[in-house]
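S.K.: below are the sequence and a predicted model; questions follow.
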Amino acid sequence: MEHSPRNLPSTKALFALERVVFHESIKKASEDLHVTHSAVSKQITLLEDWVGQTLFDKNQRRMVPTPNALVLADAARDVRQVIGDALTRIGAGPVDGVLRIAAPATFAMRWLIPRLWSFSNEHDGVSVKVIASHTGEPWEETAYDVAIQPASRAPLGASTTPVFSESLGLLIAPDAFPKSVAAGRLIMSRLPLLKAATRDGELENWLEFAGHSRGLARTARCFPHFYIALEAALAGEGALVSPILTTGDLIRKGDLCEPLPQFRVPGEDYVAFAAPGSDHRHHGSRFINWLTRSAGKAALASSPNARAEGRATRPAGPVGRNGSGPFSQSGAER
């Protein structure tokens with residue numbers, strides 16, 4: 001009997017099942033599939049929910065498959081063989097030497113990708129594929145060799161390397177200054193504010209640290225993702241609390257400016273780690289070493305002192321008659 005694709009379980013779940021049956025271990029299956037232990041466990045749970053029955057005896061030290069799990073594993077193995085034969089017939093195959101990097105979308109687009117030429121110069125012959133992940137999506141189910149993620153989201157037991165700690169500051173497009181300045185000083189309540197749903201609480205924390213009411217954040221326009229809010233800030237729609245390292249290139253080019261660099265709040269700590277069972281561990285180690293060096297240099301360049309030196313001959317924005325900048329605390333509403 002032919003089944004509609006709509007009436008079949010996920011092939012990802014079936015292939016995960018086949019590996020768990022083969023190894024009788026979720027840990028070994030995850031290494032085989034280059035994903036995390038939790039990703040394989042989730043696929044097994046989804047498959048059990050789909051078929052409406054338990055597929056493994058989990059009360060023992062091994063994952064012992066039920067007779068029905070063996071039937072599904074045999075079918076998944078046959079499907080894998082059919083796909084492999086088809087790929088052979090059309091002459092397709094995996095590309096060797098491609099290092100897959102999973103990284104948050106905005107960090108990948110605004111910081112990592114513009115610097116990958118430097119890694120390629122140092123390590124000729126190693127191709128890099130960047131896989132952008134979005135907050136809320138199960139990035140750990142992605143096939144990757146190295147991941148860059150907040151330390152709070154790293155898999156339990158992963159061997160992590162610290163890469164950088166976020167420092168968050170208020171950024172605004174220079175063209176937005178005329179809308180925000182009254183008598184040469186900022187009235188905070190008149191400044192259009194922006195925020196992202198995926199970075200909850202950051203605007204409130206910055207407002208409090210800068211001496212303003214957290215309640216002002218309620219007036220902010222909220223976007224579903226940070227990269228959308230960032231585009232709104234670049235278009236001059238308002239001010240956005242942003243990770244300074246990630247947006248450093250935009251500041252250096254003058255697309256955004258940070259009028260109050262003395263008011264920065266800490267954000268997430270980011271780490272890098274290799275996928276369990278990756279075929280490119282050596283290249284992955286090289287990439288992580290390059291990443292930590294590059295991020296360290298970028299962090300120094302984005303420090304308030306470095307920014308102050310860069311602004312010595314070019315003010316960040318219009319200056320009031322009293323010599324204060326447009327974001328002077330003396331003119332801010334508390």
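M.R.: Sure, I can see it.
S.K.: now do the contacts for residue 273.
M.R.: Counting by C-beta atoms under 8 Å, 6 or more residues apart in numbering, residue 273 touches 146-147, 149, 154-155, 158-161, 288. All C-beta spots, glycine's among them, are computed from the backbone N, C-alpha and C.
S.K.: from these, which is closest to residue 200?
M.R.: Minimum distance to residue 200 across the contacts of residue 273 is 17.4 Å, recorded for residue 149 (C-beta to C-beta).
S.K.: element containing that closest one, please.
M.R.: strand 146-150 (DSSP states H and E).
S.K.: who are the packing partners of the helix or strand containing residue 171?
M.R.: Assessed by DSSP H and E, residue 171 sits inside strand 161-171. Packing contacts for strand 161-171, counted by 3 or more C-beta pairs under 8 Å, 6 or more residues apart in numbering; DSSP states H and E, involve helix 202-209, strand 239-243, strand 265-274, helix 281-301.
S.K.: can I get the last one in CSV, CA atoms only?
M.R.: What that stands for is helix 281-301. Coordinates of each C-alpha in helix 281-301 appear next as CSV, following Å, rounded to 0.1, in the frame of the first residue of the first chain:
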residue,chain,number,x,y,z
ARG,A,281,38.3,17.8,14.4
HIS,A,282,41.7,19.1,13.4
HIS,A,283,40.3,21.8,11.1
GLY,A,284,37.7,22.6,13.8
SER,A,285,40.5,23.1,16.4
ARG,A,286,42.3,25.5,14.0
PHE,A,287,39.1,27.4,13.4
ILE,A,288,38.4,27.8,17.1
ASN,A,289,41.9,29.1,17.7
TRP,A,290,41.5,31.6,14.9
LEU,A,291,38.1,32.6,16.2
THR,A,292,39.3,33.3,19.7
ARG,A,293,42.2,35.4,18.4
SER,A,294,40.0,37.4,16.0
ALA,A,295,37.3,38.0,18.6
GLY,A,296,39.9,39.1,21.2
LYS,A,297,41.3,41.7,18.7
ALA,A,298,37.7,42.9,17.9
ALA,A,299,36.9,43.2,21.6
LEU,A,300,39.9,45.5,22.2
ALA,A,301,39.0,47.6,19.2
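S.K.: and it, what does it pack onto?
M.R.: Partner elements for helix 281-301 (3+ C-beta pairs under 8 Å, 6+ apart): strand 98-104, helix 116-122, strand 146-150, strand 161-171, strand 265-274.
S.K.: list the buried ones in the first one?
M.R.: When neighbours are counted by 16 or more other C-beta atoms under 10 Å, the buried residues of strand 98-104 are found to be 99-104.
S.K.: out of those, who's nearest residue 233?
M.R.: residue 104 (17.6 Å).
S.K.: so, low pLDDT: which residues of the chain?
M.R.: 1-6, 59-60, 91-97, 177-189, 305-334 (pLDDT under 70).
S.K.: just give me the residue closest to the centre of it.
M.R.: With distances taken as C-alpha atoms, centre = their mean, the residue of the chain nearest its centroid is residue 104 (1.5 Å).
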